[in-house]
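J.: the sequence and its predicted three-dimensional model are supplied below.
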Amino acid sequence: MAAHILIIEDEEKLARFVELELVHEGYQVSRSGNGREALQMAEENSYDLLLLDIMLPGLNGLEVLRRLKQEGNTVPVILLTARDAVMDKVAGLDGGAVDYITKPFAIEELLARIRVALKLHGSAAAAKKTAEPGNLTWRKLSLSEQRHQVTWAGEEISLTNREFRMLKTLLENRDIVLSRETLLEKVCGYDYMGETNVVDVYVRYLRSKIDEVYGVKMIRTVRGVGYVIKEEQDG
């Protein structure tokens, strides 16, 4: 399957040019010209690589990168920037980017850097999968962190990144009641400024995709406290 690349660039002509070149090379491509929108896209979808401009409306590229890495997202990121300052490059690499390229650039060089990043990331992912086997399970449900996959009796359940993190956190803490504040920090990050009722929304999404589909009662509500997945299999 072709690698899926997200281009995050607000210069329309450049973004379109890069998109056409990547499609010609056989990649699947999505685009965003806004940092906040791109962050949401990266949180809710799985990409094989991000091409991330630093100067963006909404959120700048370094902030997008910081939030993704804070959330545990391991997608490789190549920074695109018109800036040639050493500190910008250092900040990007220290923040978790795998490479950077300064605009203007030759498309052949960008394509070469993409191939290297995808090859290295694929090797690292395969090594991690070999070194860290094991899933989180409950009844017929299985969650694989290495493959970022959830299945019920072998049937894959499509979850967003935040739904996946919510389910993973609850499974890792079975029989422990987790408060909405704790879940909010795990799912959205400690600096999230929204309301804790976003946790209720994601629990509702999980129930609609698992409990309602497979006729189980997996995530229990503890009134006034939060949520828990019980180890026993009653109900």
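T.: Good, I have the coordinates.
J.: ok, what's across the strand from Ser142?
T.: Beta bridges link Ser142 to Thr137, Thr151, judged by DSSP bridges.
J.: next one, pLDDT for it please.
T.: Note on Ser142: pLDDT of 89.
J.: quick check, it in contact with Thr151.
T.: Yes. Judged on C-beta atoms under 8 Å, Ser142 makes contact with Thr151 at a distance of 5.1 Å. C-beta coordinates here come from the backbone N, C-alpha and C atoms, glycine included.
J.: so Arg204 versus Glu212, what's the distance?
T.: According to C-beta to C-beta, to the nearest Å, Arg204 and Glu212 sit 10 Å apart.
J.: where do the strands of the protein begin and end?
T.: Taking DSSP state E as the criterion, the chain carries its strands at 4-8, 28-32, 49-53, 77-81, 99-102, 136-138, 141-144, 149-152, 155-157, 178-179, 219-222, 226-229.
J.: and those, which is most packed in?
T.: By mean neighbour count, with neighbours taken as mean count of other C-beta atoms under 10 Å, strand 49-53 ranks first of the strands of the chain at a mean of 25.
J.: compute the inter-axis angle for that strand and strand 4-8.
T.: 10 degrees (axes from the mean of the first three to the mean of the last three C-alpha atoms, to 10 degrees).
J.: helix or strand with the lowest mean pLDDT in this protein?
T.: Sorting the helices and strands of the chain by mean pLDDT, DSSP states H and E puts helix 107-131 at the bottom, at a mean of 72.
J.: report the beta-bridge partners for Leu52.
T.: Going by DSSP bridges, Leu52 forms beta bridges with Ile8, Leu79.
J.: need the contact list for it.
T.: Neighbouring residues of Leu52 by C-beta atoms under 8 Å, 6 or more residues apart in numbering: 8, 38, 61, 64-65, 77-80, 97.
J.: mind doing that once more with 6 Å?
T.: 8, 61, 77, 79 (C-beta atoms under 6 Å, 6 or more residues apart in numbering).
J.: could you provide these in TSV, with additional columns for pLDDT?
T.: Shown next, in TSV, are the contacts of Leu52 (pLDDT from 0 to 100):
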residue	pLDDT
Ile8	97
Gly61	93
Val77	95
Leu79	94
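J.: burial measure for the closest residue in space to Leu39 that isn't next to it in sequence, as a count.
T.: Of all residues not flanking Leu39 in the chain, Val64 sits nearest, at 5.1 Å (C-beta to C-beta, 6 or more residues apart in numbering). Neighbourhood size, Val64 [other C-beta atoms under 10 Å]: 26.
J.: output stretch 164-173 as CSV, restricted to C-alpha atoms.
T.: In CSV, the C-alpha atoms belonging to stretch 164-173 read as follows (Å, rounded to 0.1, in the frame of the first residue of the first chain):
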residue,chain,number,x,y,z
PHE,A,164,-7.4,4.8,20.7
ARG,A,165,-5.5,6.6,23.5
MET,A,166,-8.7,6.7,25.6
LEU,A,167,-9.2,2.9,25.2
LYS,A,168,-5.5,2.1,25.8
THR,A,169,-5.5,4.2,29.0
LEU,A,170,-8.6,2.4,30.4
LEU,A,171,-7.3,-1.0,29.5
GLU,A,172,-3.9,-0.3,31.1
ASN,A,173,-5.7,0.6,34.3
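J.: list the buried residues in it.
T.: By neighbour count on 16 or more other C-beta atoms under 10 Å, the buried set for stretch 164-173 is 164-171, 173.
J.: likewise stretch 204-221?
T.: By neighbour count with 16+ other C-beta under 10 Å, stretch 204-221 contains the buried residues 206-207, 209-210, 216, 218-219.
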